[in-house]
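S.K.: Got a predicted model here, sequence first, then my questions.
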Amino acid sequence: GENVEQHPSTLSVQEGDSAVIKCTYSDSASNYFPWYKQELGKGPQLIIDIRSNVGEKKDQRIAVTLNKTAKHFSLHITETQPEDSAVYFCAASTSGTYKYIFGTGTRLKVLA
Amino acid sequence: DSGVTQTPKHLITATGQRVTLRCSPRSGDLSVYWYQQSLDQGLQFLIQYYNGEERAKGNILERFSAQQFPDLHSELNLSSLELGDSALYFCASSVGVGMGSPLHFGNGTRLTVT
């Protein structure tokens, strides 16, 4: 069946370093790729998204890249800060359907 | 604040019991999704509604059911509860199914079955 693989499952970085989380999707019809941040005790919150007609999108310290040919998309966080520590989920969705496939999550720890 | 409201925030009950979780979507959102998140696990899709109609089903147990009412709020009913049903239950809403309809999540209901 359709799935989204997410790596790594845990990631520790020093404050100020960059963090990269990668996802691979299986459904070639997927065309919308959001990223969510989940802090302790809260629901996942949308932080950035990208559509299949765009290869890269940036919002301040976070960026997402998409390689449709390889079915890969990645989240890049630069100049990490302790408040970036959370669990991050990628997801893949297809317009016109109700499918929303989530990755298994990455626990990011930013060490001060 | 996502605009999605879930009640109650916490629920403690015994095995064999039945509970109802409630979700009010963001204003204007017609679609509601329910997810289960067990300890340190990912988001398991349960069921999805659009404007009152069930549109997609995931790994939802037969003991679980849901519905979306005319005012668009939704309820998830869990019956014959087992210890393994202890988890966080999230509701998310979106405008619809057009390209790029992000999900907006509530803060969840934490269910503890003892």
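M.R.: Now that the structure is in, tell me what you want to look at. Numbers count the residues shown, from 1 in each chain, chains lettered A, B, ... in the order given.
S.K.: For residue 76, list the residues it contacts.
M.R.: Defaulting to chain A. Applying Cβ atoms under 8 Å, 6 or more residues apart in numbering or on different chains to residue A:76 gives the contacts A:18, A:19, A:20, A:62, A:63, A:64, A:65. For the C-beta atoms, the positions are set from N, CA and C on the backbone; glycine is no exception.
S.K.: Hmm, no, I was thinking of chain B.
M.R.: The contact partners of residue B:76, by Cβ under 8 Å, 6+ apart, come to B:20, B:21, B:23, B:34, B:46, B:47, B:64, B:65, B:66, B:89, B:91.
S.K.: now the strands for chain B?
M.R.: B:5-7, B:10-13, B:19-24, B:31-37, B:44-50, B:53-57, B:64-68, B:74-78, B:87-94, B:104-105, B:109-113 (DSSP state E).
S.K.: burial count for residue B:6?
M.R.: Using other Cβ atoms under 10 Å in any protein chain shown, residue B:6 is surrounded by 22 other residues.
S.K.: Hmm, residue B:32 and it touching each other?
M.R.: No. The criterion here is Cβ atoms under 8 Å, and residue B:6 misses it with residue B:32 at 10.9 Å.
S.K.: overlap in contacts of the two?
M.R.: Joint contacts of residue B:6 and residue B:32 (Cβ under 8 Å, 6+ apart) are B:23, B:91.
S.K.: Point out where chain A drops to low pLDDT.
M.R.: Chain A contains residues with pLDDT under 70 at A:1.
S.K.: swap the cut-off to 90 and go again
M.R.: Scanning chain A for pLDDT under 90 picks out the ranges A:1-3, A:29, A:41, A:52-54, A:93-101, A:112.
S.K.: how about low-confidence regions in chain B?
M.R.: In chain B (pLDDT under 90), the answer is B:1-2, B:38-42, B:55-56, B:58-59, B:95-102.
S.K.: ok, now with 80
M.R.: For chain B, the stretches with pLDDT under 80 are B:39-41, B:96-100.
S.K.: Quick check: chain neighbours aside, which residue is closest to the spatially most central residue of it?
M.R.: Nearest residue to the geometric centre of chain B (Cα atoms, centre = their mean): residue B:34, 3.1 Å. Using Cβ to Cβ, 6 or more residues apart in numbering or on different chains and skipping residues adjacent in sequence, the residue nearest residue B:34 is residue B:46, 4.3 Å away.
S.K.: again with residue B:9
M.R.: Per Cβ to Cβ, 6+ apart, closest to residue B:9 is residue B:109, 6.4 Å.
S.K.: Beta-bridge partners for the one you found, please?
M.R.: Beta-bridge pairing of residue B:109 under DSSP bridges involves residue B:89.
S.K.: And it, how close does it get to residue B:22?
M.R.: 8 Å (Cβ to Cβ, to the nearest Å).
S.K.: Looking at these two, which one has more neighbours?
M.R.: residue B:109 (22 against 15).
S.K.: need the contact list for the more buried one.
M.R.: Counting by Cβ under 8 Å, 6+ apart, residue B:109 has contacts B:6, B:7, B:8, B:9, B:10, B:11, B:21, B:88, B:89.
S.K.: ok, and the closest non-adjacent residue to residue B:29?
M.R.: residue B:93 (3.8 Å).
S.K.: What is the neighbour count of residue 55?
M.R.: No chain specified, so I'll use chain A. The burial count for residue A:55: 12, using other Cβ under 10 Å.
S.K.: Chain B is the one I meant
M.R.: When neighbours are counted by other Cβ under 10 Å, residue B:55 comes out with 16.
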